[in-house]
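Asks: Build the 3D model from these lines:
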Amino acid sequence: MKPLKVKNLTVAYQKKTVLKDVNFEAPDGKLIGIIGPNGAGKSTFIKATLGLIPKVSGEIEIYGKQYRPKDRLVGYVPQRGSVDWDFPTNVLDVVLMGRYGYIGWFKRPGKKDISLARECLRKVGMENYEDRQISQLSGGQQQRVFLARALLQDARIYFMDEPFAGVDAATEKAIIALLNELKKQGKTVLVVHHDLQTVKEYFDWVMLLNTKTIAAGPTEIVFTIENLYRTYGGRLAFLEKDKLMAEQM
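Replies: Numbers count the residues shown, from 1 in each chain. A predicted model of the protein is given here:
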């Protein structure tokens with residue numbers, strides 16, 4: 001069974017179509033970039049797939065079944081800007097939320113849960129911040145905390161909405177190393193991403209999206225000048241065509 005299968009997905013906001021008849025199948029054990037211009041529906045695609053926003057029509061299957069919010073197969077890292085960072089909680093408590101699929105929302109985490117959470121914090125370089133209030137963290141540190149929470153879920157498929165946005169170079173390097181480690185473990189990871197210059201370096205597969213699926217498949221086949229112009233149109237003018245072509249050779 002495919003980790004993710006989306007068929008004819010259509011989503012609209014206030015009668016404006018954001019996604020139209022989107023089709024996509026994610027292969028197993030790949031690092032997949034979701035690429036497209038601002039307003040193309042990339043975040044909407046993830047949220048609709050996870051049932052966080054309603055869809056007009058379409059079918060979505062995760063490992064052959066309809067997704068349920070309590071499903072432990074799925075890990076989700078939202079956009080940092082969509083999180084209430086003033087909520088009075090510390091780093092360790094945020095990470096432990098990734099364990100609720102195992103222990104339930106009304107049972108207190110035990111020693112094993114706390115130990116696993118601390119190990120995930122260590123993997124993202126945040127082991128010395130477990131008592132820190134999340135509002136006191138930098139943008140990159142906040143992103144690492146949410147990655148640790150996703151790791152604690154021990155999911156089979158991960159959805160990450162702009163994990164590199166607003167982070168420093170060291171954090172970006174740490175994040176991509178972590179994503180590659182998940183891939184080595186056989187996980188499937190879908191990432192909304194904006195930097196076209198790093199797509200070939202970071203991702204095995206890409207999905208080019210602009211309201212509809214423009215192209216999807218292995219990066220070396222799909223990430224071409226022709227497909228980028230189909231996806232971005234005139235908005236690709238800021239890129240040097242010759243530079244991109246040279247990078248693909």
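Asks: check contacts around residue 22.
Replies: For residue 22, the contacting residues are 6, 8-10, 41, 45, 58, 209, 212-213, by Cβ atoms under 8 Å, 6 or more residues apart in numbering. All C-beta atoms are positioned from the backbone trio N, CA, C, and that covers glycine.
Asks: Counting neighbours, which of those comes out on top?
Replies: residue 45 (26 neighbours; other Cβ atoms under 10 Å).
Asks: Now do residue 181 against residue 218, distance only.
Replies: 21 Å (Cβ to Cβ, to the nearest Å).
Asks: before we move on, what about residue 154?
Replies: With Cβ to Cβ as the criterion, residue 154 and residue 218 are 27 Å apart.
Asks: For the two, work out which one has more neighbours and name it.
Replies: Shown here are residue 154 and residue 218; by other Cβ under 10 Å, residue 154 has more neighbours (17 against 13).
Asks: Give me the pLDDT for that one.
Replies: The predicted local distance difference test score for residue 154 is 83.
Asks: Skipping its backbone neighbours, what lies nearest it in space?
Replies: When the adjacent residues along the chain are set aside, residue 154 lies closest to residue 72, with 7.5 Å between them (Cβ to Cβ, 6 or more residues apart in numbering).
Asks: Next, count neighbours for the one you found.
Replies: By the other Cβ under 10 Å criterion, the neighbourhood of residue 72 contains 14 residues.
Asks: do you know how far it is from residue 94?
Replies: Computed as Cβ to Cβ, the residue 72 to residue 94 distance reads 18 Å.
Asks: give me the element the most centrally placed residue in the chain is part of.
Replies: The residue at the geometric middle of the chain, judged as the C-alpha nearest the mean C-alpha position with Cα atoms, centre = their mean, is residue 160 (1.4 Å). Element membership of residue 160, judged by DSSP states H and E, is strand 157-161.
Asks: Send me that strand as PDB with only the CA atoms.
Replies: Listed in PDB are the C-alpha atoms of strand 157-161, where the atom choice follows Å, rounded to 0.1, in the frame of the first residue of the first chain:
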ATOM      1  CA  ILE A 157       4.700   9.200   7.300                       C
ATOM      2  CA  TYR A 158       5.500  12.800   8.200                       C
ATOM      3  CA  PHE A 159       4.000  16.000   6.900                       C
ATOM      4  CA  MET A 160       6.200  19.100   7.500                       C
ATOM      5  CA  ASP A 161       4.900  22.500   6.600                       C
END
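Asks: Quick check: neighbours of that strand in the sheet, parallel or antiparallel?
Replies: Partner strands for strand 157-161, per DSSP bridges, with pairing direction: strand 74-77 (parallel), strand 188-193 (parallel).
Asks: returning to that earlier point: show me what the residue nearest to the centre of the chain bridges to in the sheet.
Replies: According to DSSP bridges, the residues that bridge with residue 160 are residue 77, residue 191.
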